[in-house]
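Enquirer: Could you work out the structure for the sequence below:
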Amino acid sequence: QVQLVESGGGLVQAGGSLRLSCAASGRTFSIYTMGWFRQAPGKEREFVAAINWRGGSTYYADSVMGRFTISTDNAKNTVYLQMNSLKPEDTAVYYCAGRRTARAEYAYWGQGTQVTVSS
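Expert: Numbering: from 1, shown residues only. Now for the predicted structure:
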């Protein structure tokens, strides 16, 4: 099993920045891809960004391309989401997730961290 714990959420004004962290523990060697997802009130959960745990290839939703950056620190078993130029529509609970292969469902999920962007 893999355990994921997010941190770094908070309240920020529009145009500001936040960095989310997700610390992984347990069988981290089984992780192939780590991703960030978000869910706003009344909306479905949506993909934000993903990164291959060892290889570094990254993927982004169009809505965050150029503003968000996903990265990893394998020595710390941590994945980050640097969020710049935040907009009120970025307000959501952000979750990190992991999966064992490129085509598998995301099986490992954190508890989520709230990000609120005020206008």
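Enquirer: In contact with V48, which residues are there?
Expert: 35-38, 60-61, 64, 68, 81, 94 (Cβ atoms under 8 Å, 6 or more residues apart in numbering). Placement of C-beta: from N, CA and C, glycine included.
Enquirer: What of V12?
Expert: Contacts of V12 (Cβ under 8 Å, 6+ apart): 18, 86, 115-118.
Enquirer: wait, R99 sits on F37?
Expert: No - using Cβ atoms under 8 Å, R99 is not in contact with F37; the gap is 11.7 Å.
Enquirer: Mutual contacts of these two, please.
Expert: With Cβ under 8 Å, 6+ apart, R99 and F37 have common neighbours Y106.
Enquirer: Can you give me the neighbour number for the nearest residue to L81 once chain neighbours are set aside?
Expert: Leaving aside its sequence neighbours, L81 sits nearest to L20 (Cβ to Cβ, 6 or more residues apart in numbering; 4.3 Å). Neighbour count of L20, defined by other Cβ atoms under 10 Å: 24.
Enquirer: Am I right that L20 sits in a strand?
Expert: Yes - under DSSP: H, G, I helix; E, B strand; the rest coil, L20 sits within a strand.
Enquirer: Go ahead and confirm it touches L86.
Expert: No - checked against Cβ under 8 Å, the pair L20 and L86 is beyond contact range at 11.5 Å.
Enquirer: With distance to N52 and pLDDT as extra columns, can I get the contacts of V48 in TSV?
Expert: Shown next, in TSV, are those (distance: Cβ to Cβ, whole Å; pLDDT from 0 to 100):
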residue	distance to N52	pLDDT
G35	10	97
W36	14	98
F37	17	98
R38	20	98
Y60	13	98
A61	17	98
V64	18	98
F68	17	98
L81	15	98
Y94	20	98
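Enquirer: and the residues you listed, which are buried?
Expert: 35-38, 60, 64, 68, 81, 94 (16 or more other Cβ atoms under 10 Å).
Enquirer: So which of those residues are in strands?
Expert: 35-38, 60, 68, 81, 94 (DSSP state E).
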